[in-house]
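below are the sequence and a predicted model; questions follow.
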Amino acid sequence: MADGIQILSNAAAIARRFEDLPSKVQSAGRKGFARGLLLLEEEVKRRADLRFSGSRSGLASRLTSLVEVGSGAIAIDGQIGFRRTRGFPYELAQEYGAQARSGGAMAIPISKEAKRLGEQGVSAKDFPRTIFRPGNSHVLAEAKARGSITVHYVLVKSIRPRLHFRDTVEDNLGMVADHFVRAVQEAL
């Protein structure tokens, strides 16, 4: 992902001298950098063609950023991305799109239980109870008492690219750098 990413020259110059700066300035720089990355997280959510719910599950809960002190000439590292899961990497499918195999379908978890199991690497095939495809529908459901069902998965043939993570990050690098530079300048 490093190709095409630019850092403002004044931010790079400050970062190269970061180890020699007083600890108060280093701390301010880290906080400014972290603030810029948090704003970038929100921008990724805003620009995506996805609905992010207020819940603590799904793509939104895995979107994260981190600022840490490194070593060497540039002593501060910032990262933004998605926490790993053991299951299907939905963020890649949302960024680049995905196509099911010929004659197959992808099972997208929609119930809380299916999402939780998916984060543990359990697919629809390994669901702990019997699920079935009712009628001509595009869902996988579990039969409940009195003839009701609980839908756990939606079956899709393809997912179109709609996260726009890379473009959003590249478009907002200047904003992240500005927060870093501003925080360091205020501490000086």
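Alright, I've got the coordinates.

the helices in this structure, which residues?
Counting by DSSP state H, the chain has these helices, from start to end: 9-16, 23-47, 59-62, 90-96, 112-119, 165-171, 173-187.

quick one, what contacts the nearest residue in space to Arg35 that is not next to it in sequence?
Once flanking residues are discounted, Arg35 sits nearest to His179: 5.1 Å by C-beta to C-beta, 6 or more residues apart in numbering. No exception for glycine: its C-beta is placed from N, CA and C like everyone else's. Under the criterion of C-beta atoms under 8 Å, 6 or more residues apart in numbering, the contact partners of His179 comprise Gly32, Phe33, Arg35, Gly36, Leu39.

ok, now Ser158?
Neighbouring residues of Ser158 by C-beta under 8 Å, 6+ apart: Gly97, Ala98, Gln99, Ala100.

selecting buried members of the contacts of His179 in ChimeraX, what would you type?
This is how ChimeraX selects the buried members of the contacts of His179, with burial counted by 16 or more other C-beta atoms under 10 Å:
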select :32,33,35,36
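
ok, the contacts of His179 vs Lys24, which is closest?
Nearest to Lys24 among the contacts of His179, counting by C-beta to C-beta, is Gly32 at 12.6 Å.

what separation is there between that closest one and Pro22?
The gap separating Gly32 from Pro22 is 15 Å, by C-beta to C-beta, to the nearest Å.
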